[in-house]
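Participant: need coordinates for the following:
(one chain, ligands or ions: 1)
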Amino acid sequence: MRKKLVAGNWKMHGSLPENRALLDAIISPIGTFEGVSCAVCVPFPYLFQVQSALQGTSIAWGAQNLSQHEKGAYTGEVSARMLSDFACSYVIIGHSERRSLYREDDKTVAAKFVAAQAGGITPILCVGETLQEREAGVTEQVVARQLDAVIELAGVKALDDAVVAYEPVWAIGTGKTATPEQAQAVHAFIRGKISALAVDVAQKLVIQYGGSVKASSAAQLFAMPDIDGGLIGGASLVAEEFVAICRAAQTGA
Ligand code: PGA
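Facilitator: Numbers count the residues shown, from 1 in each chain. Modelled structure (predicted):
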């Protein structure tokens with residue numbers, strides 16, 4: 001049985017005192033949960049703070065982006081090596097905000113995926129369709145294309161050390177969660193696609209759902225057979241919400 005992973009994506013939010021208060025409020029309740037992995041993915045400047053606060057707890061941490069390059073003249077970029085200096089377990093790759101606002105294409109996302117793994121960090125690879133694409137009936141083609149770019153560059157076995165997050169763009173930050181059935185259908189498609197290449201990899205792969213997950217919708221989503229936790233934006237900034245979502249992902253919850 002796959003252990004669910006709930007990861008907070010803080011996006012560009014937070015401050016030293018706000019982070020402190022949030023971390024203080026989530027550490028002890030989450031510490032009592034069993035059979036679930038929890039993590040927070042934070043802005044780069046707060047990695048040191050989060051590492052200091054979370055080491056020795058049950059909550060892992062990570063970043064929201066990294067450079068595809070190992071090092072060099074790339075002003076403003078952050079390498080996998082730098083993230084591992086702060087003991088990051090995870091890095092979000094190919095979030096739809098990066099794909100759309102910063103023009104990250106499938107090739108760049110795949111290169112970042114490889115760079116993360118080369119640095120010993122587990123990539124959380126985001127895939128998902130826009131509203132226009134859903135309405136045009138091409139959800140599966142879009143998700144397949146996004147996955148194929150990574151599989152072509154890294155090989156299907158690379159998914160052994162990765163997480164996939166299905167995040168329909170129309171559900172992100174909009175308050176419109178996909179229904180559990182809508183999400184399950186795409187999750188099953190993703191697992192089936194990978195299964196056709198490597199059954200063992202597909203069975204172990206953690207596929208998170210992301211897009212307006214709230215404490216009130218988490219349990220129903222997590223009850224679906226192919227939904228292995230969530231990537232949580234807005235609700236990860238509210239301690240009680242994030243704790244409740246992690247609680248809903250516990251084994252047997
Ligand atoms: P949301 O964001 O939960 O605020 O919709 C999810 C994400 O973008 O990862």
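Participant: quick one: contacts for the nearest residue to Thr174 once chain neighbours are set aside?
Facilitator: For Thr174, the nearest residue in space outside its immediate sequence neighbours is Ser212; the separation is 6.1 Å by C-beta to C-beta, 6 or more residues apart in numbering. Where you see a C-beta, it was placed from the backbone N, CA and C, and this is true even at glycine. Ser212 makes contacts with 171-177, 233-234, as judged by C-beta atoms under 8 Å, 6 or more residues apart in numbering.
Participant: now do Thr179
Facilitator: Per C-beta under 8 Å, 6+ apart, neighbours of Thr179: none.
Participant: what ranges do the helices span in the chain?
Facilitator: Taking DSSP state H as the test, the helices found in the chain are 16-31, 47-54, 80-85, 96-101, 106-118, 131-135, 139-154, 180-195, 199-204, 215-222, 239-248.
Participant: show me what the first one is packed up against.
Facilitator: So that's helix 16-31. With contacts taken as 3 or more C-beta pairs under 8 Å, 6 or more residues apart in numbering; DSSP states H and E, helix 16-31 sits against helix 47-54, strand 59-63, helix 239-248.
Participant: so Thr75 versus His69, what's the distance?
Facilitator: 12 Å (C-beta to C-beta, to the nearest Å).
Participant: what about those two, which has more around it?
Facilitator: His69 (14 against 4; other C-beta atoms under 10 Å).
Participant: out of the helices of the chain, flag the one nearest the ligand.
Facilitator: Nearest to the ligand, of all the helices of the chain, is helix 96-101, at 6.8 Å by C-beta to the nearest ligand atom.
Participant: what does the closest one rub up against?
Facilitator: 11, 65, 104-105, 109, 126, 128, 167, 169, 172.
Participant: that helix near the ligand anywhere?
Facilitator: No - counting by C-beta under 6 Å from any ligand atom, no contacts exist between helix 96-101 and the ligand, the nearest distance being 6.8 Å.
Participant: quick one: mean pLDDT over that helix.
Facilitator: For helix 96-101, mean pLDDT rounds to 97.
Participant: over to stretch 229-243?
Facilitator: pLDDT averaged over stretch 229-243 gives 98.
Participant: how about stretch 208-226?
Facilitator: 97.
Participant: show the buried residues in the contacts of Ser212.
Facilitator: Neighbour counting by 16 or more other C-beta atoms under 10 Å classes 171-172, 177, 233-234 among the contacts of Ser212 as buried.
Participant: ok, the residue of the stretch 1-150 of the chain found nearest the ligand - contacts?
Facilitator: Using C-beta to the nearest ligand atom, the closest approach of the stretch 1-150 of the chain to the ligand is made by Asn9 at 4.1 Å. Going by C-beta under 8 Å, 6+ apart, Asn9 touches 41, 64, 92, 95, 210, 231-233, 236.
Participant: top of those residues by number of neighbours, please.
Facilitator: Counting by other C-beta under 10 Å, Ile232 has the largest number of neighbours within these, with 30 neighbours.
Participant: coming back round to it: now the buried ones among the contacts of Ser212 in TSV, with distance to Ala198?
Facilitator: Converted to TSV, the buried ones among the contacts of Ser212 look like this (distance: C-beta to C-beta, whole Å):
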residue	distance to Ala198
Ala171	29
Ile172	29
Thr177	30
Gly233	30
Gly234	35
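Participant: any idea which of those residues is closest to Ile59?
Facilitator: Minimum distance to Ile59 across the buried ones among the contacts of Ser212 is 17.1 Å, recorded for Gly233 (C-beta to C-beta).
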